[in-house]
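Novice: Provided below for reference: sequence and predicted model.
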Amino acid sequence: MELRYERYDGLPPEPLLCSLLDLLAGVFGNQTQAELFSELTYQFSRTPGLTFLAIDDGQVVGCKLGYERKPGHFYSWLGGVHTAYRGRGIARELMHRQHDWCRQQNYHTVRTQTYNQWRAMLILNLRAGFDIIGTQQGKQGLTIILEKRL
């Protein structure tokens, strides 16, 4: 495995975009590629986004997407790692790269949300210094809101 990590302002170009949509559809399972593409382009048209990718042999195997929530505050929106690549520190590395970029851009807070069903992501966030600051009802149940000071 020879992973490379890349950062894109907005969405990556083809064929990486198609590979990213494949990954997200596989990770989340409740949305089609077309629905994900529509959601990504809509969100990034409203607020310029940032995409970090882990790529192996031309395929996206991990991702971390986010955007500015408000001045000084970054929202880490979507992320995931292909099941065959989990347990190798890819999510941690993507998060580290995102937070380093946020610090360089003078963000002082990162917020994210997750569901209890994605416990590995919840645990990763807690180990990375996020605090649970609240919950709210989401589309798939109770959403856990986490925040980290950079």
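Specialist: Great, that's in hand. Since this is a predicted model, take the numbers as computed values, not measurements. Numbers count the residues shown, from 1 in each chain.

Novice: just the helices in this protein please.
Specialist: Assigned by DSSP state H, the helices in the chain fall at 16-28, 33-46, 90-104, 119-127.

Novice: out of the ones you listed, flag the one nearest Ile144.
Specialist: With Cβ to Cβ, the closest approach to Ile144 among the helices of the chain belongs to helix 119-127: 6.4 Å. C-beta: built from backbone N, CA, C; applies to glycine.

Novice: report all helices and strands that the closest one contacts.
Specialist: helix 90-104, strand 109-115, strand 141-149 (3 or more Cβ pairs under 8 Å, 6 or more residues apart in numbering; DSSP states H and E).

Novice: out of the helices of the chain, nearest to Val60?
Specialist: helix 16-28 (4.1 Å).

Novice: among the helices and strands packed on helix 119-127, which is the most enclosed?
Specialist: Mean neighbour count (mean count of other Cβ atoms under 10 Å) peaks for strand 109-115 among those, with a mean of 19.

Novice: which residue, other than its chain neighbours, is closest to Ala25?
Specialist: Ranked by Cβ to Cβ, 6 or more residues apart in numbering and with sequence neighbours excluded, the top spatial neighbour of Ala25 is Gln33, at 5.2 Å.

Novice: buried ones in the lengthiest strand in the chain?
Specialist: Counting residues, the longest strand found in the chain (DSSP state E) is strand 59-70. Neighbour counts using 16 or more other Cβ atoms under 10 Å place 59-69 of strand 59-70 among the buried residues.
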